[in-house]
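J.: Got a predicted structure plus its sequence, pasted below:
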Amino acid sequence: MLPWNRVLRPLTALLLTAAVAVVPATTAQAADAPSRGWNDYTCKPSTAHPRPVVLVHGTFANSVDNWLGLAPYLKNRGYCVFSLDYGQLPGVPLIHALGPIDKSAEQLKTYVDKVLAATGAAETDLVGHSQGGMMPRYYLKFLGGAAKVNALVGIAPSNHGTTLSGFTHLLPYFPGIEDLLTTNTPALADQVAGSAFLTKLNEGGDTVPGVQYTVLATKYDEVVTPYRSQFLSGSGVRNVLLQDLCALDLSEHAVIGLLDRVAFHEVANALDPAHATPTTCASAVD
């Protein structure tokens with residue numbers, strides 16, 4: 001007998017997610033806006049922070065809402081900060097990162113080139129949340145990104161996909177759901193553990209030479225599960241469990257990327273390891 005009490009809520013969420021793909025557009029999508037304090041293409045990286053930082057949002061998010069906490073945090077610390085929208089489906093406003101992930105990686109490639117041309121920098125650093133922490137790895141591995149990226153920081157990234165606490169194993173019991181995901185929201189299908197996309201991405205190793213990788217995970221993640229599947233193997237990798245830095249931190253999947261200043265402090269450390277300072281619970285008020 002299927003555990004219906006555990007299945008119904010995630011199934012409903014999944015159906016609503018797929019339905020988003022067919023809702024007509026009624027509002028304007030997010031756009032680059034220097035007034036937010038970032039995406040200022042006149043910004044020139046300083047000697048202290050010589051690489052611009054490109055923020056890569058997660059599934060269902062956009063270049064604004066995912067970064068209302070972290071972008072100002074980094075901007076106030078002297079970084080040139082940029083963010084892009086990617087993976088938009090036709091007729092779906094504001095909600096992004098739903099299209100095929102390999103195509104989204106091509107959009108990231110174009111955007112990084114735009115940022116490097118504007119700033120005059122030779123390399124950038126990438127910081128991504130959820131899908132945004134995993135998708136850049138395709139750019140690094142298959143689209144020449146390793147030559148233009150110094151570091152990738154993944155916040156709760158879906159590096160090896162997710163089981164949604166085992167729910168994805170039940171998809172075969174619901175005929176048509178897998179096809180619905182693949183057709184209407186390809187990025188969701190690509191992030192299911194064991195997908196063809198993830199098999200290709202992780203075949204031959206998780207990393208590429210020359211890039212420094214940092215993964216920040218929380219044991220309370222309810223979206224990318226099991227949370228240890230977020231961690232990477234290979235050279236130049238640092239895997240960090242947030243609760244090892246602050247046992248009192250209860251952040252789950254969304255909060256770790258949106259609001260958690262303990263995580264933000266560790267992002268800053270990853271971007272400038274030569275001047276890193278210990279990350280503790282006190283970093284929440286840093």
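T.: Cool, the structure landed.

J.: ok, which stretches of the stretch 151-286 of the chain are strands?
T.: 212-217, 237-241 (DSSP state E, counting those that start in this stretch).

J.: what about the last one, average pLDDT?
T.: Going back to what we said before, that points to strand 237-241. Strand 237-241 shows an average pLDDT of 98 in the prediction.

J.: outside of stretch 65-76, which residues touch it?
T.: 30, 36-38, 53, 55, 57-58, 81, 83, 127, 129, 132, 257-261, 264, 267-268, 271 (C-beta atoms under 8 Å, 6 or more residues apart in numbering). (Each C-beta comes from the backbone N, C-alpha and C, glycine too.)

J.: nearest spatial neighbour of residue 50, skipping sequence neighbours?
T.: residue 121 (6.6 Å; C-beta to C-beta, 6 or more residues apart in numbering).

J.: State the helix or strand in which the one you found lies.
T.: Using DSSP states H and E, residue 121 sits within no helix or strand.

J.: Surely it touches residue 45?
T.: Yes: counting by C-beta atoms under 8 Å, residue 121 touches residue 45, with 5.3 Å between them.

J.: Quickly list what's touching both of the two.
T.: Contacts common to residue 121 and residue 45, judged by C-beta under 8 Å, 6+ apart, are 51-52.

J.: Any stretches of the protein with poor pLDDT?
T.: 1-36, 165-183 (pLDDT under 70).

J.: Contacts for the longest helix anywhere in the chain, please.
T.: Counting by DSSP state H, the longest helix found in the chain is helix 101-119. The contact list for helix 101-119, computed with C-beta under 8 Å, 6+ apart, reads 41, 43-45, 52, 54, 56, 80, 82, 84, 86-87, 97, 121-124, 126, 131, 134-136, 138-139, 142-145, 148-149, 186-187, 190-191, 197.

J.: Just the ones of those residues in strands?
T.: 54, 56, 82, 84, 124, 126, 149 (DSSP state E).

J.: Surely the fifth one and residue 51 touch.
T.: Yes: counting by C-beta under 8 Å, residue 51 is a contact partner of residue 124 at 5.5 Å.

J.: what residues are shared contacts of the two?
T.: residue 150.

J.: Would you check how far apart residue 96 and residue 107 are?
T.: From residue 96 across to residue 107, the span is 10 Å (C-beta to C-beta, to the nearest Å).

J.: So between these two, which is more surrounded?
T.: residue 96 (29 against 18; other C-beta atoms under 10 Å).

J.: any idea what sits nearest residue 231, other than its immediate chain neighbours?
T.: Nearest to residue 231 is residue 239, by C-beta to C-beta, 6+ apart, at 4.1 Å.

J.: So what's the residue count around that neighbour?
T.: Per other C-beta under 10 Å, the neighbour tally for residue 239 reads 16.

J.: tell me which residues form a beta bridge with it?
T.: Listed by DSSP bridges, the beta-bridge partners for residue 239 are residue 215.
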